[in-house]
Every structure is written in structure tokens, then in C-alpha cells.
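Asks: attaching a predicted model along with its sequence, questions to come.
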Amino acid sequence: MLSFFSDPFFRNAAPIIRIGRQRPLSPDDAPPLPPELDPRNVSSRFADLKTDRFWPFFFATFAATGAPARRIITLTVLKLAIGITTPLLLHTLLTMLPQVTGAATLPLSAVLTAVALGLMGMIGALFQQHWYFNALQGFALIMNGFNERVVHHALRLRRSARAGMQTGDMVNHLSSDTDAMAESMFIIPEFTNTILQTLAVLVVLWYFLGAATLAAIATLMIVSPMTILVARRYRKLDHVIMGLRDDRVTLMSQILQGIRVVKFHAWENSVRSEVASVRSREVDTRVKIVRTDAVSTVIFISTTTLVAFAGFGAYVLGGGILNAPLVFACLALFAMLEEPFGMVSHLLANLQHARVAATRLHAYFSAPVRREDERPLSAPAQLLGSRARGLPCNILMVQSGVARYHAEHCCRTKCGHHWYGGCREEYVVAHTCRTSRHTTRKGDLPEPTIGRTSTLEVRTARSIHSQCYRS
């Protein structure tokens, strides 16, 4: 897997970028998929995750990705350090500008400060790209892991459990539910960044504005409940739209399966109105989600302005004097508060979506499954029956995926009678003859034909270990 130190500037993407400049890209131009992202190489850690409690399940999903989770947390801390250093360097550089204007030679300290300020911006942008790269890698790993677990669990469900599940449920488990859990690669680092960045910015603001920082903190405390209310509305609407999506997918599946009946009875208008009714409720709910998102965007945009107005106003009322270095440095700090607090409502909405998905996945993984078959599987070319157990007798052999009956020299069959040549057999093989003429010589046992019933039906019934005698 690509790491920061192996390819910091993403040089492996240069060939496809070069091709894209010459002609439109096609699917054949895509680079090979890394082995760790291949769905066939899914880690077994996702199959063992417990789903009964949300928070342990959510954090365990994030940690199960391994290296991408560790790298993205490290990059989050490094980005925060660079972000806090930038306003401090900006304040220092602006403070030096009056000295640079009247100096005969350019001070070395001012040059180094300007160079450091530019490097911080470049390094921060590079870390941001690696942050998204690792987040998307972890996202793909989680999707692969949970999709495999969902499919394997579906193959082990009892018939009673499958009867109570709709087609739309399975579709949502493989798409929106696993997608919501994969958002942990963004939610956990973003919440970590929000907490650490808010604390660091408030500390630096206290250094610049003193007690006036309390006014900025009070403004943030007023805005925060609004984001929580928006997140709760997101959760309610998300739960509703998931149920409507299940109903729509299930209804469409039923219609497609019975399309001949619908056409035969001329039920097109009735079916169309039923689909339109479900679809209209889903669209109305989606419109409500868009309106809630608009309110969240307003909060996102207004946070910086409100906090800056409150902080600077309290500073001036307290007798402070605003100057260019102070204003620009504080504006940079206020801008750093815009992203974490503006994103809180979106993060909480995604977190509520993940909570709903985790509840659905837990209900699915808790469905009763059939009892595991503890008998070992044989190789494709290995003989089955008594020969497979180390005995000389053999009735059934599988070769190249085609089953055929095979008679050994020690096993002869006659309708209603059995000879086992002195073999100690674990199973009693009962042969049911379906015709009036039967053969008992070696090689006369008929082969079953695919799609038809064999002349000789072999049924195996468990018996105790005993010496087989002629019956």
C-alpha cells in the first residue's frame, strides 16, 4: 500500500495523467488494483467484529483497516500543527514589515519567516492529499470487508430468516449500510481534528486577545446547539428515507418477478400508481433533507463572521487596540474555527446515519443461521463412500465435477441384497431398484444422467460399526 515516504508526490499517477492529456481515458487505461484493495483479499478482521453495541462496533471498524487508520490519525495531528503555526508566522511577518520598509538591506529573519510561511502552506496541502488518499483506501477496505461478510451470512441463513427479509434489505446492506459504516474513515479523524483544533485555536486566541476570547467562546456555545438540532433532524429523516427505499426496491423486485401476471391482467395503471405513491414519499423526504442541509450550510458560513465580530468587539470594548498583525492573525484563527464548527452538523448527520446502519446490520447478523456441517470436505477427485474412509469398498466417486456410480471388486449389488466382501462399513448402503431388470456384475451399474432420475437410486443411512454380512 502506498505510504507517504514511499511516494510523497504521487508519482505513480503520472502515467495515467500523461495519457489523459493526449486522449480521453478508457477503462483499459486504469492502473492495476493494489492487492490489498482486491475484494478477494479481504482481511478476516471484519468477520469477527461484534455488532451489539454501536460505539465499540464503530471504532473497531475504523481500527480494522490497519495502516490507513494509523496514518490518517498521524496526518490529522500533523495538519493541525501546521495550521496553528501559520497564524503565528503570519503575525511575526506582519510585525517585521515596518522594519523591512525602512531598512537598507532585507533582514534575514524576515526572509526566513516568509519562506517558512510559504512552506507551511505547501506541506499542509500535501498532507491534505495524503489524508484523503488514506481515507479512501480505508473506505474501500471497509466496503470489501462488510460486503463479504453480508454475502457469507446470507448463505448461512435459515429458511425462516430469509422468508422474513425483503430484497430491498439485502440491497441496502450491500450498499448504503456498509457505505455508512465506511464513513468512519472520515468521521473519526474529522471529530478528532474538530476537538483538537478548537482547543488549540482558543489557546492561541487567548494569547492574542486575552479575556475577549471568552466572547468568542460564548458565541460558539450558542451556535453549537443549533448544529445538534440539525443533526437530530438528519437522523430522523435518514431513518425514514431508508425505510422508504426498502419499500420501493422490494416493490420493484416483486413487479419484475410477476410482470407477466401484471401484463396479463392489465394492471399497469394500478401498479404505476402504487410505485408513484412510494416514490413521491421518498422524494418529499429527500426535499426535507436538502432543506436541512441548507440550514447547515448557513451555520457553516456564518460561524466565522459571528465569532470574529464577538471577539474583536469584546477586545475593543476592553480597551484593546486593533492593528494589522493582530487582525490578520486572528482572522486566520477564526477561519480555522469555520471548518470544524461548520462541519459538526454534517459529521453528526453522517454519524446518525452510521448508527442507523449499525442497527440494521446488527439485526441482520443476529438472524438465525443453519447449523454448521462439521464433516470435512473431500478433494474434487477424491473417492467418496467407504473408499474415502480407508475401506476397500466404494459406491460413489466424484471426478471432474461429474458424479457417477462405481463398483469395486468387493462390492456387488443385487435388488434387495448386498454383498460387502467382508468389509467393515460405517454406513449401510440401501439400493432401491426402480426397474424389473437389474444387473449385478462389475461395471453394470448405470451412470446417472444430468436432469433425469437414475435407474439405481443409492440412499445412505447411518448405522453403527458392524461387520457386514449378506442380507
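Replies: Okay, I see it.
Asks: measure stretch 98-110 end to end?
Replies: End-to-end distance for stretch 98-110, by Cα to Cα, to the nearest Å: 11 Å.
Asks: give me the contacts around it.
Replies: Under the criterion Cβ atoms under 8 Å, 6 or more residues apart in numbering, residues 93, 96-97 lie in contact with stretch 98-110. Quick note: C-beta positions are derived from backbone N, CA and C, even for glycine.
Asks: mind saving the C-alpha coords of stretch 221-233 as CSV?
Replies: Coordinates of each C-alpha in stretch 221-233 appear next as CSV, following Å, rounded to 0.1, in the frame of the first residue of the first chain:
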residue,chain,number,x,y,z
MET,A,221,-21.6,27.8,22.6
ILE,A,222,-24.7,29.5,21.2
VAL,A,223,-24.1,28.1,17.7
SER,A,224,-23.4,24.5,18.9
PRO,A,225,-26.9,23.6,19.9
MET,A,226,-28.2,24.6,16.5
THR,A,227,-25.9,22.1,14.9
ILE,A,228,-27.1,19.4,17.3
LEU,A,229,-30.7,20.1,16.4
VAL,A,230,-29.9,19.9,12.7
ALA,A,231,-28.1,16.6,13.3
ARG,A,232,-31.2,15.2,15.1
ARG,A,233,-33.4,16.2,12.2
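Asks: quick one: H265 from V278, how far?
Replies: 21 Å (Cβ to Cβ, to the nearest Å).
Asks: same question, I259
Replies: 18 Å.
Asks: more neighbours, these two?
Replies: Shown here are I259 and V278; by other Cβ atoms under 10 Å, V278 has more neighbours (17 against 12).
Asks: hmm, the more buried one is touching D246, no?
Replies: No - using Cβ atoms under 8 Å, V278 is not in contact with D246, being 10.1 Å away.
Asks: where does the nearest residue to A367 once chain neighbours are set aside land in three-state SS?
Replies: Leaving aside its chain neighbours, A367 sits nearest to A161 (4.1 Å; criterion: Cβ to Cβ, 6 or more residues apart in numbering). Secondary structure assignment for A161 (DSSP: H, G, I helix; E, B strand; the rest coil): helix.
Asks: so who does A161 touch?
Replies: By Cβ under 8 Å, 6+ apart, the contact set of A161 is 367-369.
Asks: try A60
Replies: 49-50.
Asks: that one: which element?
Replies: helix 54-63 (DSSP states H and E).
Asks: how far does that helix sit from its chain's centre?
Replies: 12 Å (Cα atoms, centre = their mean, to the nearest Å).
Asks: tell me the mean pLDDT for it?
Replies: The predicted model assigns helix 54-63 a mean pLDDT of 95.
Asks: and the next helix or strand past that helix?
Replies: helix 67-102.
Asks: and the angle from that next one to helix 54-63?
Replies: 80 degrees (axes from the mean of the first three to the mean of the last three Cα atoms, to 10 degrees).
Asks: residue ranges with poor pLDDT in this protein?
Replies: 1-6, 342, 380-471 (pLDDT under 70).
Asks: now do the same contact list for the residue lying closest to N193 once chain neighbours are set aside.
Replies: Setting aside the residues directly before and after it, N193 is nearest to T76 in space (Cβ to Cβ, 6+ apart), at 5.0 Å. By Cβ under 8 Å, 6+ apart, the contact list for T76 reads 131, 189, 192-193, 196.
Asks: list just the nearest of those to T113.
Replies: Ranked by distance to T113 (Cβ to Cβ), the contacts of T76 are led by L196 at 25.2 Å.
Asks: what number of residues are in the vicinity of that closest one?
Replies: When neighbours are counted by other Cβ under 10 Å, L196 registers 16.
Asks: would you verify that it is located in a helix?
Replies: Yes - under three-state DSSP, L196 sits within a helix.
Asks: distance check, the closest residue to it other than its chain neighbours against R71.
Replies: Leaving aside its chain neighbours, L196 sits nearest to L80 (5.5 Å; criterion: Cβ to Cβ, 6+ apart). Applying Cβ to Cβ, one obtains 15 Å for the distance of L80 from R71.
Asks: can you check E36 too?
Replies: Distance, E36 to R71, using Cβ to Cβ: 13 Å.
Asks: three-state assignment of D7?
Replies: Per three-state DSSP, D7 ends up coil.
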